[in-house]
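**Student:** everything below, folded, please.
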Amino acid sequence: MVAVNNSEHKKKALNQYFSEFGREGIYNEMVLRFYEPKTRIRLSGAYYYQRFFIGESPYRDSQFLLLRDKTYASYKYLRAQFGTTVASLPKVLSDGAEHTMFSAWFPVQKGVATAMGRAIISTRGKVGLVTTSQALAMEEKLEPGDIMLQRRNWHISNVGIPGFWTHSALYTGDLKTMDEYFSSEFPYKGYESFSAYVQGEMPVVHQALSTSNKVGDFPAVIEAIEPGVVLQSLPVSASADYIVVLRPNLHKQDKMLAILKAFANFGKPYDFNFDFDTRDALVCSELVYDAYFERLPEKKGVHMETSVVNGRKIVSPYDIATKYVAEQGTDTSELQFIYFLQSDESRDIAFVSTESAFIESLEWSKFSFMQKKVGE
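**Tutor:** Okay, the predicted model is just below:
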């Protein structure tokens, strides 16, 4: 408690939801129990009972002596740290009150975020201008591990997201595509192919990747949307108005491990608290950020700087676009431009556009009605 008390990041990590226990807030619960008066009484009573009534027990053996010595050492430590822990009491009570207030407020926050995510100003915004045929043509240029940034016009939620680009997703390709692309990385950990590895280590993900949708398309994209972290076909994910594809400059094995890290998050809920310090729930850009987070020596990654939005440190889709532009043409560039589908509201069409147009998009307004028509 002394070590964690001044670290908000550690508190969040210890308080996040753990599926193994089906619980959250475990650290806060432990701290509050420690500060309850009856806890001090129990500790003291147990110590003296152990010392005066059991200390000379005829049942003493090596295990008993080990337990006794650990008990004495723990009690002495707690007694020595009494002043330090009491000094932390105001902070603990403050944390407890804050947690209680957040628990009461969070359902409201989630409801507002959900309503904004579903609200569309114009009926035009219900379906993206990028067509299925355009998405499939774009797929011919894609590789597993590519990052897609997207935008859907006329969605109210765009107002609360910084910059023009409002969504991100990770292209994986279907199982056949991943098997072919990552064939050079196998055998790997006893498996002969990528699909065999996923089937053996992530059977739920493999089942999802092996199931086609109503029109016969298999999942090829993993992304975090309102229902949570899902696998979808490319045409479904690409039903947007703007899509740009950026490719990390990494070895295939690093991309493979990034995809597997993303797959490990499959099924987790959407993070309506927008908190990058935890991984029990994720937003769209957090999924990409976590997948490409560098974990040396196991894998290299893509370095993404956080920005502050509403008091929260996040990496937004706009931040990823800004990273590409800032590093473009330098020796430190970590992303490549691959493809850009742009739309024209005046003609209700989307079309293949240029890298220079994508760079200009960083200056475009987030409000759909303020965007310039193509050619103006």
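
**Student:** could you use CA atoms for every contact and neighbour count after this?
**Tutor:** Will do.

**Student:** select the longest strand from this structure.
**Tutor:** Secondary structure of the chain read by DSSP state E shows that its longest strand is strand 335-344.

**Student:** what is it packed up against?
**Tutor:** Here strand 335-344 touches strand 242-248, strand 349-352, helix 355-360, going by 3 or more C-alpha pairs under 8 Å, 6 or more residues apart in numbering; DSSP states H and E.

**Student:** E334 is nearest to which of the ones you listed?
**Tutor:** When these are compared for distance to E334 using C-alpha to C-alpha, the nearest one is strand 242-248, at 5.7 Å.

**Student:** tell me the pLDDT of the nearest residue to Y181 once chain neighbours are set aside.
**Tutor:** Excluding the flanking residues, the one nearest Y181 by C-alpha to C-alpha, 6 or more residues apart in numbering is P144, at 7.4 Å. Note on P144: pLDDT of 98.

**Student:** how about M101?
**Tutor:** Looking at M101, its pLDDT is 63.

**Student:** the strands in this structure, which residues?
**Tutor:** 147-151, 167-171, 221-225, 228-232, 242-248, 307-309, 312-314, 335-344, 349-352.

**Student:** picking up where we left off before, and among the helices and strands packed on strand 335-344, the most buried is which?
**Tutor:** strand 242-248 (a mean of 23; mean count of other C-alpha atoms under 10 Å).

**Student:** and the angle from the longest strand of the chain to strand 242-248?
**Tutor:** Between strand 335-344 and strand 242-248, the angle comes out at 170 degrees (axes from the mean of the first three to the mean of the last three C-alpha atoms, to 10 degrees).

**Student:** do you know how far S239 is from I320?
**Tutor:** S239 sits 20 Å away from I320, going by C-alpha to C-alpha, to the nearest Å.

**Student:** of these two, who's got more company?
**Tutor:** I320 (25 against 21; other C-alpha atoms under 10 Å).

**Student:** residue contacts, that one?
**Tutor:** Counting by C-alpha atoms under 8 Å, 6 or more residues apart in numbering, I320 touches M304.

**Student:** domain map for this structure?
**Tutor:** The chain breaks down into these domains under automatic domain parsing: 8-108, 119-370.

**Student:** quick one on the thing from earlier: parallel or antiparallel, list what pairs with the longest strand of the chain.
**Tutor:** Paired neighbours of strand 335-344 in the sheet (DSSP bridges): strand 242-248 (antiparallel), strand 349-352 (antiparallel).

**Student:** before we move on, the earlier item: out of the domains of the chain, which gets the lowest mean score?
**Tutor:** domain 8-108 (a mean of 73).

**Student:** quick check: phi and psi at E140.
**Tutor:** As for E140, its main-chain torsions (degrees, to the nearest 10) stand at phi -60, psi -20.

**Student:** and it, how many neighbours?
**Tutor:** Using other C-alpha under 10 Å, E140 has 8 other residues around it.
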